[in-house]
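Undergrad: sequence unknown, structure follows:
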């Protein structure tokens, strides 16, 4: 990404998994729901899961995600070429780890 779109603000971002940022946001969501007084049983859920991808599956998905949707076709081609080469070096497939977060609540009964 840094080579393909060096002027993008995303190219200056460190490689990271933003799970801590998302978890903090979901704590705020749950607190906000609770603070309304209109819901009972506010809970936070977390689901960890994995999905295996072949090179072609990942390269089909990648252009639909994040900052890649904003790239020019030539920039996107550069990213996909580099990513495809990286996946090939892993044997042509890999397993991605995901985390799904949710905040749930039950609407309180009106008095």
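TA: All right, it came through fine. Since the structure is predicted, the reported quantities are computational estimates derived from the model, not experimental observations. Numbering: from 1, shown residues only.

Undergrad: helices or strands up against the one helix or strand in the chain whose mean pLDDT sits lowest?
TA: The least trusted helix or strand in the chain, going by mean pLDDT, DSSP states H and E, turns out to be helix 19-35, with a mean of 92. Packing partners of helix 19-35 (3 or more C-beta pairs under 8 Å, 6 or more residues apart in numbering; DSSP states H and E): strand 39-54, strand 93-107. Quick note: C-beta positions are derived from backbone N, CA and C, even for glycine.

Undergrad: Identify whichever of the ones you listed lies nearest to residue 29.
TA: strand 93-107 (4.5 Å; C-beta to C-beta).

Undergrad: if we can go back for a sec, quick one, which of the helices and strands packed on helix 19-35 is nearest to residue 8?
TA: Per C-beta to C-beta, nearest to residue 8 of the helices and strands packed on helix 19-35: strand 93-107, 22.7 Å.

Undergrad: what lines up beside that closest one in the sheet?
TA: Using DSSP bridges, strand 93-107 pairs in its sheet with strand 39-54 (antiparallel).

Undergrad: tell me which residues of the helix or strand just after the strand it pairs with are tucked away?
TA: Reading on from strand 39-54 to the C-terminus, the next helix or strand found by DSSP states H and E is helix 55-61. Under the neighbour-count criterion of 16 or more other C-beta atoms under 10 Å, helix 55-61 has 55, 58, 59 buried.

Undergrad: and if you look at stretch 69-84?
TA: Applying 16+ other C-beta under 10 Å to stretch 69-84 flags 71, 75, 76, 78, 79, 80, 83, 84 as buried.
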